[in-house]
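Engineer: fold the following for me, if possible:
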Amino acid sequence: MTKNQKMKKHTVEIYTDGACSGNPGPGGWAAILRYGDYEKAISGYDPDTTNNRMEMTAALMALRQLNQPCHVVLHSDSAYLINAFKHKWLDNWVKNGWKNAAGNDVINSDLWKALLKENERHDIEWVKVKGHADDKDNIRCDKMAVEEIKRRQ
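Structural biologist: Below you'll find the model as predicted:
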């Protein structure tokens, strides 16, 4: 029996993207959350960050918007984010005391730990989309994230 079968959960679609002007540099993140006919768009800014941190932050901030455990279909163009969950990189990092395969500290472990908590709270399908191609919601999130940077420069 799956988590979803044990408890009827609402299904929420989430689209996310992050952007960075320079890497590192100023960055923006954005997410679109949909539940039925309801839609909420959120975005934010960090003056000194990386693209990967913005991709992760978009997912984290979107998941934190949910006030109860949900079935989530999270779409991202970040292979870094999606593969960490789909290919069980996180399981190995946790098992190895937040060290990667080379024995170095895992970068962005603060965000990974927060995302793991959300992953435990929700039943999440991590879906990789092609970036800035034909996914209208990915394109919309990208524009929102870039606008967060532009507004502050």
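Engineer: when you work out contacts or count neighbours from here on, use the C-alpha atoms and nothing else.
Structural biologist: Will do.
Engineer: which residues touch residue 121?
Structural biologist: 69-70 (CA atoms under 8 Å, 6 or more residues apart in numbering).
Engineer: repeat that for 7 Å
Structural biologist: Counting by CA atoms under 7 Å, 6 or more residues apart in numbering, residue 121 touches residue 69.
Engineer: gap between it and residue 133?
Structural biologist: For residue 121, the distance to residue 133 equals 31 Å [CA to CA, to the nearest Å].
Engineer: tell me where the protein has strands.
Structural biologist: All strands of the chain, identified by DSSP state E, fall at 11-20, 25-35, 38-49, 71-76, 123-128.
Engineer: now find how far off-centre the fourth one is within its chain.
Structural biologist: Yep, that's strand 71-76 we're talking about. Centre-to-centre, strand 71-76 and its host chain are 9 Å apart (CA atoms, centre = their mean, to the nearest Å).
Engineer: which other residues reach that strand?
Structural biologist: The contact list for strand 71-76 (CA under 7 Å, 6+ apart) reads 9-17, 122-129.
Engineer: that strand pairs with which strands?
Structural biologist: Here strand 71-76 is paired, per DSSP bridges, with strand 11-20 (parallel), strand 123-128 (parallel).
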